[in-house]
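Colleague: here are the coordinates; sequence isn't available:
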């Protein structure tokens, strides 16, 4: 499979996930601004999840730009990532409808953790396929931000048993960490003229 086809498929799946998420936003029964107030937690959950999907899309794009060839392992690792990302609308809807509840917060955190683990696995599979001295391997380096994200997700899951508000705040912190796109690959591509 060509790299372009893999990118197009991934882009389409992420676009569908975003569309499904927005369809979960239901208009209020009332017609005044006060009718929107109860929907604030649902909208905030949607906003956070949309930001996460955008972050994955941007970084996935950069990662594939540095990838020279696609292997079967890369295809399957990418499918695993898309699977876990596809659960985000469900988790978003549940946490948005039941703000502060422990189990929806845990499920949301577990989906975010699974997304991060599957992205990490995709990186590992790509580096293995491209070689330890490849551009992508050099650009990714030790991936401290990625590893820190995994630690923060696990921390949030533990903290949720004490305070779901703090756990959600940690999810927001991780998103903020990644709002500035990971420029390692972009810098490497610009330096090599690729």
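Modeller: Structure's in. What do you need? Only a predicted model underlies this, so the values are computations on that prediction, with no experimental measurement involved.
Colleague: when you work out contacts or count neighbours from here on, use the C-alpha atoms and nothing else.
Modeller: OK.
Colleague: regarding the protein, what is its longest helix?
Modeller: helix 102-130 (DSSP state H).
Colleague: now the next helix or strand after it: buried residues?
Modeller: Where DSSP states H and E defines the elements, the next helix or strand beyond helix 102-130 is helix 135-140. Residues 135-137, 139-140 are the ones in helix 135-140 that count as buried (16 or more other C-alpha atoms under 10 Å).
Colleague: how much does the following helix or strand past helix 135-140 deviate in direction from helix 102-130?
Modeller: Later in the chain than helix 135-140, the nearest helix or strand by DSSP H and E is helix 144-159. For helix 144-159 against helix 102-130, the angle by axes from the mean of the first three to the mean of the last three C-alpha atoms, to 10 degrees is 160 degrees.
Colleague: which strands or helices does helix 144-159 pack on?
Modeller: Counting contacts by 3 or more C-alpha pairs under 8 Å, 6 or more residues apart in numbering; DSSP states H and E, helix 144-159 is packed against helix 102-130, helix 164-179.
Colleague: deepest in the core, which of those is it.
Modeller: helix 102-130 (a mean of 21; mean count of other C-alpha atoms under 10 Å).
Colleague: now do that helix, average pLDDT.
Modeller: Averaging pLDDT along helix 102-130 gives 96.
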